[in-house]
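# Predicted model follows, preceded by the sequence.
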Amino acid sequence: MNEYSETVQSLLRPEIHGLPAYDPGADSETVSREFKPPRVIKLSNNENPYGLSPVAAQAIQRRLDQGMGRYPDPAGKELCRVLAERHGVEHRRVVLGNGSENILELLCQAFLGKGETVVAQTPCFGLHEIFPLMMGAGVHKVPLTETFGFDASRWRQALEGPVKLVFVCQPSNPVGTVFSREELQALIAYTSENALLVVDEAYYEYARLDPAYADALDLLRHVNRPWIVLRTFSKAYGLAGLRVGYAIASHANLIEALHRVRTPYNVNQLAQEAALAALDDVAHLEKSVSLISQERARLTQALRVAGFRVAPSHTNFLFIDTGMDAIYVMRQLLRAGVIVKAWREPGYDTYIRVSLALPADNDVFLQELIRVQNRV
Ligand SMILES: *Cc1c(COP(=O)(O)O)cnc(C)c1O
């Protein structure tokens, strides 16, 4: 059958020719079918093992009972209103996304053109690189220091030239570490007012447990320059399957720009209802954040005792130097039914990123990792 490969290739925008697809890792069904492990434990997407709040589940059921034949509110007015109120900003400074990754995409579509420059971190959340490349922009990645810290001189250097967008992942995915208030302030100072500063706080609800955490919104609230802070219901709130994230911007005109490139009904009705209900169920959020944080301390300690280097995490995942080839480790763990993410960026090819889960599942991971370690 003629697949018109050359035609398809020649129809593509040149930016898409070599564009990598986002790698979500293995899925549970495939692993189950291929290796037939006693159980599959998925620790590769930083999901909340406690799932969504039962109050949110009820809100979804109520909405289903009312029928789903109508389009959702195109701008999610009620959810934006509640989020605006909670964060003490005007509702016109809030936008919803089909996950916060949708907002990353909108930002790139609205602001980036061919040959322009984005500054991001390395190691890097995949989409901070893929979406700019999709628009034909170049990504300058600033590394962390040896000890996973803020490299002031490299950030300053990177931000000297003409830069359009700056992506800061606070806390970092995949490392889990944070920049201090002073460091974030320095970074803000280095960033030209002619650039848009984007702070991706996907793990905010975990990080804020630490009273010293540099809350990006608190820091930027009084800074008059273009900025936008991204948060999500996918991680601590446990709504990953529903797809809803949001952003708060320095100015309403920034949000208006995103509305122009957004599909009109990007956040579905169930997601809007569930997010509203989830915001009210503070007890559920606090319970999962607290249980996960306890596991984080316990597992970090156990891994270090076993001789692994573990980055100090402020999130629901750990970045672990296995001392072995990460792809080999990932494959060995897959056979045991444990799905982790092998890091593929240069300099980090012995690292895996592992989501924290229920205590028993974390124990299985630890046991299996030690088993791999003992085999080599
Ligand atoms: C998970 C994640 C997101 C995307 O989350 P959504 O499910 O799209 O809301 C965005 N940024 C970072 C750094 C993440 O880890």
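Alright, I've got the coordinates.

# Show the subsequent helix or strand relative to the host helix or strand of residue 187.
Using DSSP states H and E, residue 187 falls within helix 181-190. For helix 181-190, the following helix or strand on the C-terminal side (DSSP H and E) is strand 196-200.

# Compute the inter-axis angle for that following strand and helix 181-190.
Inter-element angle recorded for strand 196-200 and helix 181-190: 150 degrees (by axes from the mean of the first three to the mean of the last three Cα atoms, to 10 degrees).

# Starting from strand 196-200, tell me which strands it pairs with and how they run.
strand 165-169 (parallel), strand 227-232 (parallel) (DSSP bridges).

# buried set for that strand?
196, 197, 198, 199, 200 (16 or more other Cβ atoms under 10 Å). Quick note: C-beta positions are derived from backbone N, CA and C, even for glycine.

# got it, and stretch 274-286?
In stretch 274-286, the ones that count as buried by 16+ other Cβ under 10 Å are 274, 275, 276, 277, 278, 279, 281, 284, 285.

# The first one against residue 241, yeah?
No - under the criterion of Cβ atoms under 8 Å, residue 274 makes no contact with residue 241, lying 9.7 Å away.

# Show the contacting residues for the residue in the chain that the ligand sits nearest to.
Nearest to the ligand in the chain, going by Cβ to the nearest ligand atom, is residue 99, at a distance of 2.4 Å. By Cβ atoms under 8 Å, 6 or more residues apart in numbering, the contact list for residue 99 reads 232, 234, 243, 244, 245.

# tell me the pLDDT at the nearest residue to the fourth one once chain neighbours are set aside?
Meaning residue 244. Spatial nearest neighbour of residue 244, chain neighbours left out: residue 271 (4.1 Å); criterion: Cβ to Cβ, 6 or more residues apart in numbering. The score at residue 271 is 98. That number is its pLDDT.

# Quick check: residue 271 touching residue 242?
Yes - counting by Cβ under 8 Å, residue 271 does reach residue 242; the two are 4.2 Å apart.

# so where's the stretch 1-150 of the chain uncertain?
For the stretch 1-150 of the chain, no stretch has pLDDT under 70.

# now the strands: where do they sit in this structure?
With DSSP state E, the ranges of strands along the chain come out as 41-42, 94-97, 117-122, 138-143, 165-169, 196-200, 227-232, 245-249, 309-310, 317-321, 338-339, 341-342, 351-355.

# Report the buried residues of the helix ranked longest in the chain.
The helix that spans the most residues within the chain, counting by DSSP state H, is helix 282-305. Neighbour counts over helix 282-305 (16+ other Cβ under 10 Å) mark 284, 285, 288, 289, 291, 292, 293, 295, 296, 299, 300, 303 as buried.

# Can you name every helix or strand that that helix contacts?
helix 204-207, strand 309-310, strand 317-321, helix 359-375 (3 or more Cβ pairs under 8 Å, 6 or more residues apart in numbering; DSSP states H and E).

# Could you report the neighbour count for the spatially closest residue to residue 165 that is not a sequence neighbour?
Closest residue in space to residue 165, ignoring its immediate chain neighbours: residue 118 at 4.7 Å, by Cβ to Cβ, 6+ apart. Residues near residue 118, counting by other Cβ atoms under 10 Å, number 27.

# still on that earlier bit, what does the longest helix of the chain contact?
48-50, 53-55, 205-206, 209, 236-238, 278, 310, 312-313, 315-316, 318, 320, 356-357, 359, 362, 366, 369.

# near the ligand, from these?
By Cβ under 6 Å from any ligand atom, no member of these lies near the ligand.

# What's the ChimeraX line that selects buried ones from the residues you listed?
Of these, the buried ones go into a single ChimeraX selection, burial set by 16+ other Cβ under 10 Å:
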select :48,49,50,53,55,205,206,236,237,238,278,310,313,315,316,318,320,356,357,362,366,369
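
# Show me what from the chain comes close to the ligand.
46, 99-101, 125, 169, 173, 200, 202, 232, 234-235, 240, 245.

# out of those, which are inside helices?
Judged by DSSP H, these include 100, 101 as members of helices.

# Show me which of the residues of the chain next to the ligand is closest to residue 226.
Nearest to residue 226 among the residues of the chain next to the ligand is residue 200, at 15.7 Å by Cβ to Cβ.

# show me what contacts that closest one?
100, 104, 125, 128, 167, 168, 169, 170, 173, 230.

# what's the answer for residue 176, then?
Residues in contact with residue 176 (Cβ under 8 Å, 6+ apart) are 203, 311, 312, 313, 314, 315, 317, 318, 319.

# Repeat the analysis, applying 6 Å as the threshold.
By Cβ atoms under 6 Å, 6 or more residues apart in numbering, residue 176 lies in contact with 311, 313, 314, 315, 317, 319.
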